[in-house]
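S.K.: sequence first, predicted model second:
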Protein chains: 2
Amino acid sequence: MAEKPIRFGIIGCADIARKLSRAITLAPNAELSAVASRSLDKASAFAKANNFPPSAKIYGSYEDLLDDPDIDAVYVPLPTSLHVKWACLVAQKKKHILLEKPVGLNVTELDKIVEACEANGVQIMDGTMWIHNPRTHKMKEFLNDKERFGELKNMHSCFTFAADEDFLKNDIRVKSDLDALGALGDAGWYGIRSILWAVDYELPKTVTALPGAVLNEAGVILSCGAALHWEDGKVATFHCSFLAHLTMDITAIGTAGTLHLNDFIIPFGEKEASFTTVSKSGFTDLVTGWVPVPSQHTVTTDLPQEACMVSEFARLVGNIKANGAKPDPKWPSISRKTQLVLDAVTTSIAQGSKPVEI
Amino acid sequence: MAEKPIRFGIIGCADIARKLSRAITLAPNAELSAVASRSLDKASAFAKANNFPPSAKIYGSYEDLLDDPDIDAVYVPLPTSLHVKWACLVAQKKKHILLEKPVGLNVTELDKIVEACEANGVQIMDGTMWIHNPRTHKMKEFLNDKERFGELKNMHSCFTFAADEDFLKNDIRVKSDLDALGALGDAGWYGIRSILWAVDYELPKTVTALPGAVLNEAGVILSCGAALHWEDGKVATFHCSFLAHLTMDITAIGTAGTLHLNDFIIPFGEKEASFTTVSKSGFTDLVTGWVPVPSQHTVTTDLPQEACMVSEFARLVGNIKANGAKPDPKWPSISRKTQLVLDAVTTSIAQGSKPVEI
């Protein structure tokens, strides 16, 4: 690393910021430079608990951190309802933004943020970590292989976890004024992203909510699903929930092969991650078994996936800083497409599962 | 086996009848006694190729086999459109019926068959083999375990295989006058059955076809899916297709655990079959891994699942013959429920994915 590492500030001490603090520490081209909370004590305790270097600055207000000229990039783990205000301000202060998902309450909000980023020449990337796991790249090689996978025909993705009573009563993700998208924003985001990832981010023609969405008294989604349909016949479904046991599957079925994994968002372990594939399989003569059977592929990771994300973001920021490069438009573009589908799901739920055209 | 084995006749020499011939040979309480084809030569060649005993009778007409007093039970692998005629005749001849799936083109047809069976005191069972695999019973123990699985919340099931050009042009399963239900009857049957099996055969409140059903020029379904919804909030989806690579998954998610397998209809191998479960899993402190991770369970099988099916069917028939027992109503009941859901899917497809109440 000849170039100086990218200096990160974090605004807000959400639980997820602990994981990101470690990721920034681990990424070779990034460093933890500051943290801000509305309470100076809280920021100070957070820095201590998360191994911030002694040089790191502690702020008692988000604004003060954003005014610090020694910060290059800001990680924003605030509740979704605060994203427009703070992400736009980060951009106006000419700082690059790593923004937690869901990026906005709707695509109009995201567009305001992206506009601010474009106007100020800063990079934005959302906090979807699994996309950066080396395993994900290996899986994409399989999906892109016409010989082994063929054309995608069907996909199913799900992310559920069983929230406890306290979560369902008090967590920001069940509050209509904080994270009004609930399970759709927190868990469904990943299912939608995985489907778009598999189809090279080609938007579906229609999005249809599945029957049985569960909303709490405040109207926040606790469980839902949808079917996505493309003009060429591809169909994908996803399910997300706070009300069912921890599950995170991808099944992608092509004309020539199938991909499976059951830990796509958070791999079972940090050092290595697996998936299974099978191509051109058929039955034995009497239909009593498969030939060939699926095989497992394991990918080892030097850095945990969240550090890969920080490292890729810091690389883009470094390139802008050192070489005057343009921000990479891929990242706001895939955030926007994910949000567009998410918006269509909420619309379809509100309209009693009517198909919504995108 | 003190009792004499149940004597089976087979009418029609479909490909699947080869597998069943072997299963009848393997089942300790069953024996291959006769085969009929509209062509005597074909029946004779079939008997020779499938290791029928020398004592087995060869018939050049289905009627002749049904008139044979030395036949206790008949396996019917004929195209679905012929089921009403022949299954009713089998019943009238006081012979027990093992009937290939889908059992009828619709539930009205099945009801005629079941009525004939009841009027003549004969057992009927459909040819869904995987239900009889010892693995299936082990999986059900998990799903019934309130501690390890809890209450079912969501399920996904799929069965797809990539039919070749010849199949898509000539197979009986793409012909509107033979197996008009196409992929829904041939493959979707299993997905629907697996969902009903998981919920102890409680019928859903609504069935909604997913967008994107593919029909051939004759109107036969080549690919489709549906969402099933129960009043208590359970949701299940299935997908079936002749147009995508061989895949057969069950994911069942309860409040406390998750079940996965990727070979539910035809296990990868004949001697043993596996599934994975995980209960009460959560994330490590920094959300970088799972605790616990899923574990795999392997169940060995003395007999292949199709021989387990034959053996269970023959046991019921033997009990009727020897002890004057009543036919077991469970089997026509679960066939009927499967067919009811299947009918709702075809209705929903015809109505542009409107929810259909059952």
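M.R.: Here it is on my side, so go on. Numbering: from 1, shown residues only, chains lettered A, B, ... in the order given.
S.K.: next one: phi and psi at the residue positioned nearest the centre of chain A?
M.R.: Closest residue to the average C-alpha location of chain A: residue A:128 at 2.2 Å, with Cα atoms, centre = their mean. The phi/psi pair for residue A:128 (degrees, to the nearest 10) reads phi -80, psi 100.
S.K.: what's the distance between it and chain B?
M.R.: Shown here: residue A:128 relative to chain B, a distance of 14 Å by Cβ to the nearest Cβ, to the nearest Å. Backbone N, C-alpha and C define where each C-beta goes, glycine included.
S.K.: helix or strand for the residue of the stretch 51-200 of chain A found nearest chain B, just tell me which one.
M.R.: Residue of the stretch 51-200 of chain A nearest chain B, by Cβ to the nearest Cβ: residue A:153 (3.9 Å). Assigned by DSSP states H and E, residue A:153 belongs to strand A:152-162.
S.K.: so what secondary structure elements neighbour that strand?
M.R.: Counting contacts by 3 or more Cβ pairs under 8 Å, 6 or more residues apart in numbering or on different chains; DSSP states H and E, strand A:152-162 packs against helix A:189-198, strand A:235-241, strand A:243-254, strand B:152-162, strand B:221-229, strand B:235-241, strand B:243-254.
S.K.: residue most distant from the centroid, chain A?
M.R.: residue A:286 (45.0 Å).
S.K.: ok so it is a strand residue?
M.R.: No - secondary structure assignment places residue A:286 outside any strand; it is coil (DSSP: H, G, I helix; E, B strand; the rest coil).
S.K.: for it, give me its contacts.
M.R.: Residue A:286 makes contact with B:18, B:19, B:22 under the criterion Cβ atoms under 8 Å, 6 or more residues apart in numbering or on different chains.
S.K.: go with 6 Å
M.R.: Listed by Cβ atoms under 6 Å, 6 or more residues apart in numbering or on different chains, the contact set of residue A:286 reads residue B:19.
S.K.: again with residue A:332
M.R.: Counting by Cβ under 6 Å, 6+ apart, the residues that residue A:332 touches are A:114, A:124.
S.K.: what helix or strand is it located in?
M.R.: Per DSSP H and E: residue A:332 is located in helix A:330-350.
S.K.: one step back: out of the helices and strands packed on strand A:152-162, the one nearest residue A:10 is which?
M.R.: helix A:189-198 (20.6 Å; Cβ to Cβ).
S.K.: helices along the stretch 1-150 of chain A, start to end?
M.R.: For the stretch 1-150 of chain A, the helices defined by DSSP state H, counting those that start in this stretch cover A:16-26, A:40-49, A:62-67, A:83-92, A:107-120, A:134-143.
S.K.: redo these as JSON lines? Include mean pLDDT, distance to chain B and mean neighbour count.
M.R.: Output for the helices of the stretch 1-150 of chain A, formatted as JSON lines (pLDDT from 0 to 100; distance: least, Cβ to the nearest Cβ, whole Å; neighbours: other Cβ atoms under 10 Å in any protein chain shown):
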{"stretch": "helix A:16-26", "mean pLDDT": "97", "distance to chain B": "5", "mean neighbour count": "21"}
{"stretch": "helix A:40-49", "mean pLDDT": "97", "distance to chain B": "12", "mean neighbour count": "16"}
{"stretch": "helix A:62-67", "mean pLDDT": "98", "distance to chain B": "23", "mean neighbour count": "18"}
{"stretch": "helix A:83-92", "mean pLDDT": "98", "distance to chain B": "21", "mean neighbour count": "21"}
{"stretch": "helix A:107-120", "mean pLDDT": "98", "distance to chain B": "22", "mean neighbour count": "18"}
{"stretch": "helix A:134-143", "mean pLDDT": "98", "distance to chain B": "12", "mean neighbour count": "18"}
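S.K.: quick one, which of the ones you listed is nearest to residue A:303?
M.R.: Among the helices of the stretch 1-150 of chain A, helix A:16-26 sits nearest to residue A:303 (Cβ to Cβ), with 5.8 Å.
S.K.: show me where pLDDT drops low in the stretch 251-358 of chain A?
M.R.: Scanning the stretch 251-358 of chain A for pLDDT under 70 picks out nothing.
S.K.: residues from it in reach of chain B?
M.R.: A:251, A:253-258, A:260, A:262, A:268-270, A:281, A:286-290, A:293 (Cβ under 6 Å from any Cβ of the partner chain).
S.K.: any quick ChimeraX command for the buried ones out of these?
M.R.: This is the ChimeraX syntax for the buried subset of these, where burial follows 16 or more other Cβ atoms under 10 Å in any protein chain shown:
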select /A:251,253,254,255,256,257,258,260,262,268,270,281,286,287,288,289,290
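S.K.: for stretch A:239-252, which outside residues touch it?
M.R.: Applying Cβ under 6 Å, 6+ apart, the contact partners of stretch A:239-252 are A:155-163, A:183, A:187-188, A:191, A:194, A:198, A:222-223, A:225, A:259-265, B:153-154, B:249, B:251, B:253-254, B:256-258, B:281.
S.K.: of all the helices of the stretch 1-150 of chain A, which lies closest to residue B:213?
M.R.: Of those, the one closest to residue B:213 (Cβ to Cβ) turns out to be helix A:134-143, at 23.9 Å.
S.K.: tell me the helices and strands packed up against the closest one.
M.R.: strand A:272-279, strand A:295-300 (3 or more Cβ pairs under 6 Å, 6 or more residues apart in numbering or on different chains; DSSP states H and E).
S.K.: swap in 10 Å and give it another go.
M.R.: Packing partners of helix A:134-143 (3 or more Cβ pairs under 10 Å, 6 or more residues apart in numbering or on different chains; DSSP states H and E): helix A:189-198, strand A:243-254, strand A:257-261, strand A:272-279, strand A:295-300, helix A:305-323.
S.K.: quickly note the distance from residue A:337 to chain B.
M.R.: Counting by Cβ to the nearest Cβ, the gap from residue A:337 to chain B is 19 Å.
S.K.: run a quick neighbour tally on that residue.
M.R.: 19 (other Cβ atoms under 10 Å in any protein chain shown).
S.K.: what's near enough to touch it?
M.R.: Contact analysis of residue A:337 by Cβ atoms under 10 Å, 6 or more residues apart in numbering or on different chains lists A:107, A:192, A:193, A:196, A:201, A:202, A:203, A:204, A:358.
S.K.: and those residues, which are buried?
M.R.: Buried among the contacts of residue A:337 (16+ other Cβ under 10 Å): A:107, A:192, A:193, A:196, A:204.
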